[in-house]
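> Below is the structure, and that's it, no one-letter string:
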C-alpha cells in the first residue's frame, strides 16, 4: 500500500491518545515510524529539522487551541498532508479546518485503525493530485507566457505594458531596439519618462480619460533618437486593462514610428507650394520635370491615403461622441455633420451637405422668445468663439424642439485665414426640466411657509373666538335662543379649524395621528366645503349605523379633497357627485383585504370618465393626463389609504363617469357613540367642576386671558405667563410657598423665548411630579418632541379646543393623581 516506512508526526498532548493511535496503526498492515510532540512549539522545531510524510494534529494543545493550531502548523509543514484529530464533533470546525488546508477531519471517538489508514491513504492521494494539478497549471501558464512573448517579440511595433502608477512591467524587443537598451533598463521606469518633458502631462491626461466606456486613446509626439540624434515621430495607442474590481490594473501601449508619414505630409505641402513656380519658371526642363512630377504624384498619393486614414479616424471619433457637431464653410454652408447632430436637426448628412445653416435649424432665446443670430455667422465675422447657454432653444426644420448649450469657434488655415466654423451643441432638455421642477419646489416651499404662518395666526384667533363663545354659553341657559346661536357659531368655528388643519398639512406634511372619528360627519363637512362655489351638486347616502374608524383626520380629509377635486374637474359643465357610506364585511377572497368589518365609501360622478389604458396607471407617482397636473394627487391618496390598512379601487369607462371606492377598517361602536361627551352644558353645571390651581403659559395674550377666564368661571384658580422663563419663576415660587400648582397648561413654541419643552425640563429637575398639558395648534409638534410623554407631558390637547375637552383633560390628570 505504501512504499517504505511512512513517517508520521503526531501532535497530541494526551499520552493515552498517543499510545492508542500507535497501537491502532500497529494492528494494521502498514510500515510506519511515528514521532509525537505534545505542544505546538515542539512540532514547529521538529518540522524544521525532519521530513515527514503526514501529520496527525490535535487542535487542542497547551500552547494553542482551535483552528489557530492548524494555521500555525501549516506555516511550518509546507506540502505535508495534515489530518485533524479532535475530540469534538463540530461540523463548523470541521468545515473550517478543511477550508484552511486540512486533508481530513476525524473525531477520535469514531476512529479505528482501518479508518485512520484509509484517511492517510486518501490524504496522500489528494495531496498527490493537488501537486499534479499545480504542476500542470504552472506548465500551462509557462506555455501561455512563452506564446505571448513569442507573439509580442515578433511584432515590429513597440509594445510596452505599465502599471496604474506608470511603472513599466514589460517591453518587447522592438521597444528595446528603438530606445537602445534592454528590458532590465526600462523595467520599473515611468513610461512617460521616454517622452519629452512637454509631452508628459498630456500623456497623463490622455491616460486619465480612459474608462470602461472609453478603453482606447491615441497620442503622438516627437522624440530624439539617443543613438543618432535624429528627431523621430512616435504614435502611441493606449489600451486600459481592467481587473475584477472594475479598476484599471495596467495599460498596454503600442507605438508606431510615423516619421516617414509626417515627412511625406511636410514634403507634400512643400511640393504644393513650389509646384506652380517650378512649372512656370522651368519650362525648358519639362521632360525632366515630368519625370519628377510622376514621382511626386506617387508620394502625394501615399500621403493622401494617410490623410484619408486620418479622416476616417476623425469620422469615427465624431460618430462616437455625445455632442452634436456641425462644420460649415466661410459662407455658412454645412460641410460636415455627425450622427448626434443628425438626430437633433432631423437631417441626414447627405441632405444637409451644402445646406445653409439657417435652413437646417433656427435658434431662439427660451427666456425672451426672441430669435438668435446664427452663431457661425457671428464667429466667422468676428473671428471669435461664441457661446450660448443652455437656455437656447433649437427648432429643427422638422419642427423638433430641444434646449441646448452651443459653442461655435472659427476654423483657420495655416495662414490664420478663417475658412469656416465648427459648432458643438449638447442637448440640455433634461437639465432644463430639472431646473423647472426645482423652481416649482422652491415656490411650493415659499407657499408652505406662508400657509404655516397663516394657519398659526388663524388658529390663535380661532382659539380666542371659541373660548369667548364657550364663556358666553356658560352664562346663557340651554333653553335660551342665544344658547342655540352660540352653539351654531361654535360648530362653524370648529369647521374653520379643519381649514387650518389642511393648511398645516400642506405646510408641514404630516405623520399619521390616528384617532376614532365619525366618517359620515367628516365626509359631509369636507365635501360640502370643497364643492362650495362650484357648479357641482353633492348627494349623500350615509348609513345611520355607520361604524367609526381609527384614522388620521387630516390625511383622510386630503383623500376626500383630492377625489372631489378630480370629480369637479371631470365635470366642467356641472354635474352630481354621489357619496355613499356603508358598513361592509370582507371575507378576504374577492378583495386583497384582511377578513373583517370595513367602512366603504364610494364617490361617483357623471364626468368624462377614464380611458381603459390609463386605469392601471392612475395611482402611479407622476402619472397625469392633465396639462398642468403633477401626477401626485391619486398616488398620495393610494399611499394614505394603504397606510390605514385599507384599499382604494376605481371603476370607469370613457363618457360614463368614474366611481372610486375606499375601504377603511371599522372600529368597535358606531359614529353616533363618539358624539356623547361628558361635559358641563346646563346652567347648573356651569359652576365649578372642581377646585384646582392652574398655571397657563402661552405667548399670545388673547389665549392666556380667555383660557384663564374660562377656568376661573368653572372654579379654578389661575395664573398666566407669557413665556417659559416667566412660568418657571411663577411655578417655583408657588412650590416654595407651599401652595403648588395642580397642573400646567403650556404652549410648545415661543418665538424668541423659552418654549414649553425646555420649561418642563427645568421644572422636572426640582418637581418630578409636575402635571403638564401640552397645547398647540401644530399637529407636527408631537413629532417634533417624538413622544410628548417621554418629554414629561402627561396629556396633549390641540388648539383651538372646546372647554369641555380642556376640563375633561384636567379632571383626568388631577383625579388620576388623587385616586393614586
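The structure has been received and is ready for your questions. Everything quoted here is computed from the prediction, not taken from an experiment.
> Let me see the domain layout of this structure.
Per automatic domain parsing, the domain ranges recorded for the chain read 6-134, 154-257, 262-317, 323-427, 519-674, 684-819.
> which residue sits closest to residue 82, ignoring its sequence neighbours?
Distance criterion Cβ to Cβ, 6 or more residues apart in numbering; nearest residue to residue 82, sequence neighbours excluded, is residue 55 at 4.6 Å. Using the backbone N, CA and C atoms, a C-beta is placed for each residue, glycine as well.
> wait, I meant residue 163
Nearest residue to residue 163, sequence neighbours excluded (Cβ to Cβ, 6+ apart): residue 250, at 5.1 Å.
> Secondary structure class of that neighbour, three-state.
Secondary structure state of residue 250, per DSSP: H, G, I helix; E, B strand; the rest coil, is strand.
> that older thread, so where does the residue nearest to residue 82 fall, helix or strand?
Using DSSP states H and E, residue 55 sits in strand 54-58.
> Mind listing the strands that strand pairs with, and their directions?
Applying DSSP bridges, strand 54-58 is found paired with strand 6-11 (parallel), strand 82-86 (parallel).
> which of the residues in the first one are buried?
Right, strand 6-11. For strand 6-11, the neighbour count (16 or more other Cβ atoms under 10 Å) marks 6, 8-11 as buried.
> now swap in stretch 112-128 and tell me
For stretch 112-128, a neighbour-count test (16+ other Cβ under 10 Å) marks 113, 116-117, 119-120, 123-124, 127 as buried.
> Over to stretch 387-397?
Of the residues in stretch 387-397, those with enough neighbours to count as buried (16+ other Cβ under 10 Å) are 388, 390-394, 396-397.
> Next, check these against the helices and list the overlap.
Nothing among the buried residues of stretch 387-397 maps onto helices, per DSSP state H.
> isn't the residue nearest to residue 82 right up against residue 80?
Yes: at 5.6 Å, residue 55 counts as touching residue 80 under the criterion of Cβ atoms under 8 Å.
> what's the overlap in contacts for these two?
Counting by Cβ atoms under 8 Å, 6 or more residues apart in numbering, the shared contacts of residue 55 and residue 80 are residue 9.
> coming back round to it: now do the strand holding residue 55: distance to the chain's middle.
Relative to its chain's centre, strand 54-58 lies at 54 Å (Cα atoms, centre = their mean, to the nearest Å).
> And for stretch 208-217?
Chain-centre distance of stretch 208-217: 26 Å, with Cα atoms, centre = their mean.
> got the end-to-end distance for that stretch?
Counting by Cα to Cα, to the nearest Å, you get 10 Å between the two ends of stretch 208-217.
> got it, and stretch 643-653?
Separation of the first and last residues of stretch 643-653 by Cα to Cα is 28 Å.
> tell me, how many neighbours does the residue nearest to residue 82 end up with?
Counted with other Cβ atoms under 10 Å, residues neighbouring residue 55 total 26.
> All the strands of the stretch 451-600 of the chain, residue numbers only.
515-517, 536-542, 547-551, 575-586, 596-605 (DSSP state E, counting those that start in this stretch).
> Residue 143 is nearest to which of these?
For the strands of the stretch 451-600 of the chain, the distance to residue 143 is smallest for strand 575-586, at 73.1 Å, taking Cβ to Cβ.
> List of residues touching the closest one?
Residues outside strand 575-586 that contact it (Cβ under 8 Å, 6+ apart) are 519-520, 523, 527, 531, 536-543, 545-547, 564, 567-568, 593-607, 663, 666.
> Give me the nearest residue to residue 515, chain neighbours excluded.
residue 550 (6.6 Å).
> So in terms of bridging, what pairs with that neighbour?
Using DSSP bridges, the bridge partners assigned to residue 550 are residue 516.
> in terms of contact, does it touch residue 519 like I think?
No: if you go by Cβ under 8 Å, residue 550 and residue 519 don't touch, sitting 10.7 Å apart.
> Compare the two (neighbour count), which wins?
Applying other Cβ under 10 Å to residue 550 and residue 519 shows that residue 519 carries more neighbours, namely 25 against 15.
> and that one, what does it touch?
Contacts of residue 519 by Cβ under 8 Å, 6+ apart are 546-549, 551, 556, 581, 599, 601, 664, 671.
> any idea which of those residues has the most stuff around it?
Highest neighbour count within the contacts of residue 519: residue 601, with 27 neighbours (other Cβ under 10 Å).
> mind checking how far it is from residue 726?
As judged by Cβ to Cβ, to the nearest Å, residue 601 and residue 726 stand 48 Å apart.
> what does residue 269 give?
Here the criterion is Cβ to Cβ. By it, residue 269 lies 93 Å from residue 726.
> Could you do residue 268 as well?
Distance, residue 268 to residue 726, using Cβ to Cβ: 96 Å.
> Which of these two has more residues huddled nearby?
residue 268 (19 against 16).
> so what secondary structure elements neighbour the helix or strand harbouring the more buried one?
Applying DSSP H and E as the criterion places residue 268 in helix 259-281. Judged by 3 or more Cβ pairs under 8 Å, 6 or more residues apart in numbering; DSSP states H and E, helix 259-281 is in contact with strand 231-242, helix 286-320.
> Give me whichever of the strands of the stretch 451-600 of the chain is most buried.
Among these, strand 547-551 has the highest mean neighbour count (mean count of other Cβ atoms under 10 Å), at a mean of 22.
> what helices or strands is that strand leaning on?
Strand 547-551 packs on strand 515-517, helix 519-531, strand 596-605, strand 658-670, helix 671-674, going by 3+ Cβ pairs under 8 Å, 6+ apart.
> Report the rounded mean pLDDT for that strand.
For strand 547-551, mean pLDDT is 90.
> Same question for stretch 126-135.
Stretch 126-135 shows a mean pLDDT of 79.
> which outside residues touch it?
79, 81, 103.
> Please apply the same query to stretch 49-58.
Contacts of stretch 49-58 (Cβ under 8 Å, 6+ apart): 6-14, 17, 21, 35, 43, 69-70, 73, 77, 80-86, 102, 120, 123-124.
> Okay, buried residues for that stretch please.
Residues of stretch 49-58 classed as buried: 52-58 (neighbour count, 16+ other Cβ under 10 Å).
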